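1. I'll drop the sequence and a predicted model, then ask my questions.
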Amino acid sequence: MKKHVVGIDIGGTKLATVVADNSGKILSKVRRPTFADKGSEYAIQLLFEMVDETITKANLKQEAISGIGVSCGGPLDTKTGIVYSPPNLPGWDAFPLKTRLETEFQIPATIENDANASALAEYRFGGGRGYNTVLYMTMSTGIGGGIVINGQIFHGANDSAGEVGHQILLPNGPLCGCGKHGCLEAICSGPAIARRAKEAIQKQSNTTILALADGHIETVKSEHVLAAARQGDALALKLIDETAYYMGWGIANLVNILNPDIVLLGTIAIAAGDLLLQPIRKTVSDFAMARPAEAVKIMPAQLGESLGDLATIALVV
Ligand SMILES: [Zn+2]
């Protein structure tokens, strides 16, 4: 009986493969560095070996596997399974990932961008369980997102739905990685929080943020801002409030459009907890329309470190 699945997580620094049973329980894992500079052919050969090794480690044969779920940085086409030059994977230009895996293993493969796969994992196994309309937003090096409606990822016309971080809030604001100015991501991602902190410290150096970063302004990160805010540092608290204001503004726009049951926020929001979530909730209730604002819960995502593995599995169980 085919009661097991394979999951493949392709990141810019790490490749991970897992085997799970059909309830999502992970039975074996293999991890290797991506060596992104070696390109797609190197990576696919390595993945073939890793998948075999993971199946063997789970004491299974390939015949026991019903599907392969792949979470990868976008852009990609979920229908054809072609990956188009993700920024963290140089040399993956129009790479036929789905076809290569299906040809090698003779097992159907499902390819999905990592934010969408994460949203589905939160819906299946995490904070989104039991809700019909789930919006998941990452909050780390970028601000990505995934929308799950009635158990299905909402893809849009060409797999571009859920780019929640590239809504423009400040047209004359900071330059974003996408080439536009003032996107939510350019204001509230981890690097953007660090950049705002550095700018603020240059004007006002009386802050514990600097001491937490060993006295070097160049090494200031969003974690230092959070730690300083927890100690009651005024500048750090101002930076957190500002972050919550823009996050809340962006989420309020999405709440009006999608009317979600729940918005789940990842990474930085998990680390910050109510320090960030409470002022975000306040801004959402100020900015969103009353009815959708009343319905929505804004919560930290739940899957933490297992998210990457479960994101791949959620696609095929
Ligand atoms: Zn942008």
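-> Perfect, thanks for sending it.
2. care to break this structure down by domain?
-> Here the domain parsing of the chain from automatic domain parsing is 4-121+306-314, 129-301.
3. who are the contact partners of residue 26?
-> By CB atoms under 8 Å, 6 or more residues apart in numbering, the residues touching residue 26 are 18, 19, 20, 306, 309, 310, 313. Just so you know, the C-beta spots here come from the backbone N, C-alpha and C atoms, and that holds for glycine as well.
4. in helices only, show me those residues.
-> Using DSSP state H, 309, 310, 313 are the members of those that sit in helices.
5. out of these, which one sits closest to the ion?
-> residue 310 (27.4 Å; CB to the ion).
6. neighbours around that closest one, how many?
-> Neighbours of residue 310 under the rule other CB atoms under 10 Å: 27.
7. which non-adjacent residue is nearest it?
-> The shortest distance from residue 310 to any residue other than its chain neighbours is 4.1 Å, reached at residue 121 (CB to CB, 6 or more residues apart in numbering).
8. tell me if the one you found really is in a helix.
-> Yes - looking at residue 121 with DSSP: H, G, I helix; E, B strand; the rest coil, it is inside a helix.
9. tell me the contacts of it?
-> 303, 307, 310, 311, 313, 314.
10. mind pulling up the pLDDT for it?
-> We have a pLDDT of 98 for residue 121.
11. residue ranges with poor pLDDT in the chain?
-> 1 (pLDDT under 70).
12. tally of neighbours for residue 143?
-> 30.
13. so what's it closest to, chain neighbours aside?
-> residue 165 (3.0 Å).
14. now for that neighbour: which residues touch it?
-> 137, 142, 143, 144, 145, 183, 184, 185, 189.
15. any idea how far it is from the ion?
-> 6 Å (CB to the ion, to the nearest Å).
16. go on, residue 167?
-> In this structure, residue 167 and the ion are 8 Å apart, going by CB to the ion.
17. same question, residue 130
-> From residue 130 across to the ion, the span is 32 Å (CB to the ion).
18. same deal with residue 176?
-> As judged by CB to the ion, residue 176 and the ion stand 3 Å apart.
19. go on, residue 263?
-> Taken as CB to the ion, the span from residue 263 to the ion is 19 Å.
20. help me confirm that that residue is found in a strand?
-> Yes - using three-state DSSP, the assignment for residue 263 is a strand.
21. I figured it hits residue 251, correct?
-> Yes - using CB atoms under 8 Å, residue 263 is in contact with residue 251, at 5.8 Å.
22. shared neighbours of those two, which are they?
-> Residues touching both residue 263 and residue 251 (CB under 8 Å, 6+ apart) are 137, 298.
23. ok so, going back, tell me the secondary structure for the residue nearest to residue 143?
-> Here residue 165 is recorded as helix under three-state DSSP.
24. just residue 12 next, same as before
-> Following three-state DSSP, residue 12 is assigned to coil.
25. ok, and the closest non-adjacent residue to it?
-> In space, residue 12 is closest to residue 88, 2.9 Å off (CB to CB, 6+ apart).
26. so how many other residues sit close to residue 45?
-> Neighbours around residue 45, by other CB under 10 Å: 13.
27. correct me if wrong, but it is in a helix.
-> Yes - secondary structure of residue 45 (three-state DSSP): part of a helix.
28. tell me who's in contact with it.
-> Neighbours of residue 45 in contact, by CB under 8 Å, 6+ apart: none.
29. so residue 71 sits in a strand?
-> Yes - under three-state DSSP, residue 71 falls within a strand.
30. show the contacting residues for whichever residue of the stretch 201-317 of the chain sits closest to the ion.
-> Nearest to the ion in the stretch 201-317 of the chain, going by CB to the ion, is residue 250, at a distance of 11.5 Å. For residue 250, the contact set (CB under 8 Å, 6+ apart) comprises 143, 164, 167, 169, 184, 188.
31. 10 Å instead, please
-> By CB atoms under 10 Å, 6 or more residues apart in numbering, the contact set of residue 250 is 137, 143, 145, 164-165, 167-169, 183-185, 187-188, 280, 283-284, 287.
32. count of residues packed around the residue nearest to residue 12?
-> Neighbours of residue 88 under the rule other CB under 10 Å: 15.
33. isn't it right up against residue 36?
-> Yes - using CB atoms under 10 Å, residue 88 is in contact with residue 36, at 6.6 Å.
34. list residues touching both of these two?
-> The contact sets of residue 88 and residue 36 overlap at 10, 11, 12, 13 (CB under 10 Å, 6+ apart).
35. for the stretch 151-300 of the chain, just list every one of the strands.
-> 152-153, 262-265, 297-300 (DSSP state E, counting those that start in this stretch).
36. now render those strands as CSV, adding mean neighbour count.
-> Formatted as CSV, the strands of the stretch 151-300 of the chain follow (neighbours: other CB atoms under 10 Å):
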stretch, mean neighbour count
strand 152-153, 16
strand 262-265, 26
strand 297-300, 19
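37. quick one, which of those gets closest to residue 2.
-> Closest approach to residue 2 among the strands of the stretch 151-300 of the chain is made by strand 152-153 (22.7 Å; CB to CB).
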